[in-house]
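# the following block contains a protein sequence and its predicted model.
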Amino acid sequence: MTRQQMEKNLLRKAMQGDPSAFGEIIKKYQSLVYAVVLQILADPAAAQDITQDTFVSAFKALKDLRSEDSFPSWLHSIARNRAFAWHKERKRVSPLEEAGVLQFSPNSIGAEIETERSEAQSFEAGVRQIVFSLSDALRVPILLCYLNDISTAEAACFLGIKEGTLRKRLHDGKKKLQEKIVKMAEQTLQEYRLPPGFARHCICGCQRSKSSKMRKKLRKEVIRMADKKSSCGCGCISQKPKQQKVAKEQKKAKKSK
């Protein structure tokens, strides 16, 4: 029995009200539905709630399913409709960010842990922003195929497009992601670069250090000279007043003779 036949049997049992059969269907499609909802809402917690709501709604409406073959695209439509309805309702309510977010007290955790947590959140937010900056055509395949390793065949069937088309979108999406992530990394690393005037500041520091050493050397020289007991003839020390008076008297006595 092929996978398609097994899925059809499960769907028939689910239509008859068998929740365990539908549980197997959920296991197969939960990641696909979650990825589609997530790319619309960009909110993991809300996407989980809407994914659950999607399967509950689908289980109730199974009787309206015209063909088992159309189940993937039918489920996809329900997921999108639920996600857009939630998004529309959320616009009517003030976002949580406007009301303020509870902040952790710096005293409750270590400074290093807080810094690491902040950096990790910042990086995750940057990557998430890059992913959701892609167009819908590129973003959906990326989320589908790189969330729980969903195959390109399953993703293409769920989206109702050819597998070759999905592979092409994956290629284009990955290329754009790489370019944008590299650019983000370059911008982040700019923060760690030395300032443009770093060399000039270093030179100024060296000159100040040199001047300081010269001043200290001169002060030591003056002190050393002041400690001399006799003049060396260079005028480095001056004669004391008493010595000057004796010298003048001796000079007058010579002249009188």
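Yes, it's here.

# what's around residue 57, how many residues?
By other CB atoms under 10 Å, 14 other residues sit near residue 57. (C-beta placed from N, C-alpha, C; glycine too.)

# if you count contacts, what does the one helix or strand it maps to end up packed against?
Using DSSP states H and E, residue 57 falls within helix 44-60. For helix 44-60, the packing partners by 3 or more CB pairs under 8 Å, 6 or more residues apart in numbering; DSSP states H and E come out as helix 19-41, helix 71-92.

# and those as TSV, adding mean neighbour count?
Output for the helices and strands packed on helix 44-60, formatted as TSV (neighbours: other CB atoms under 10 Å):
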stretch	mean neighbour count
helix 19-41	19
helix 71-92	16
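
# compare those helices and give me the one nearest residue 122.
For residue 122, the closest of those is helix 19-41, at 20.3 Å, according to CB to CB.

# what is that closest one packed up against?
Counting contacts by 3+ CB pairs under 8 Å, 6+ apart, helix 19-41 packs against helix 3-15, helix 44-60, helix 71-92, helix 136-145, helix 152-159.

# on that earlier part again, kindly export the helix holding residue 57 (C-alpha atoms) in CSV.
Output of helix 44-60 as CSV, limited to C-alpha atoms (Å, rounded to 0.1, in the frame of the first residue of the first chain):
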residue,chain,number,x,y,z
PRO,A,44,5.9,31.3,17.3
ALA,A,45,3.6,31.1,20.2
ALA,A,46,0.6,32.4,18.3
ALA,A,47,1.5,30.1,15.3
GLN,A,48,1.2,27.1,17.6
ASP,A,49,-2.2,28.1,18.8
ILE,A,50,-3.5,28.8,15.3
THR,A,51,-2.0,25.5,14.0
GLN,A,52,-4.0,23.6,16.7
ASP,A,53,-7.1,25.6,15.8
THR,A,54,-6.6,24.8,12.2
PHE,A,55,-6.7,21.0,12.8
VAL,A,56,-9.7,21.3,15.1
SER,A,57,-11.5,23.2,12.4
ALA,A,58,-10.5,20.8,9.8
PHE,A,59,-11.6,17.8,11.8
LYS,A,60,-15.1,19.4,12.3
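
# what residues of that helix count as buried?
By neighbour count on 16 or more other CB atoms under 10 Å, the buried set for helix 44-60 is 46, 47, 50, 51, 52, 53, 54, 55, 58, 59.
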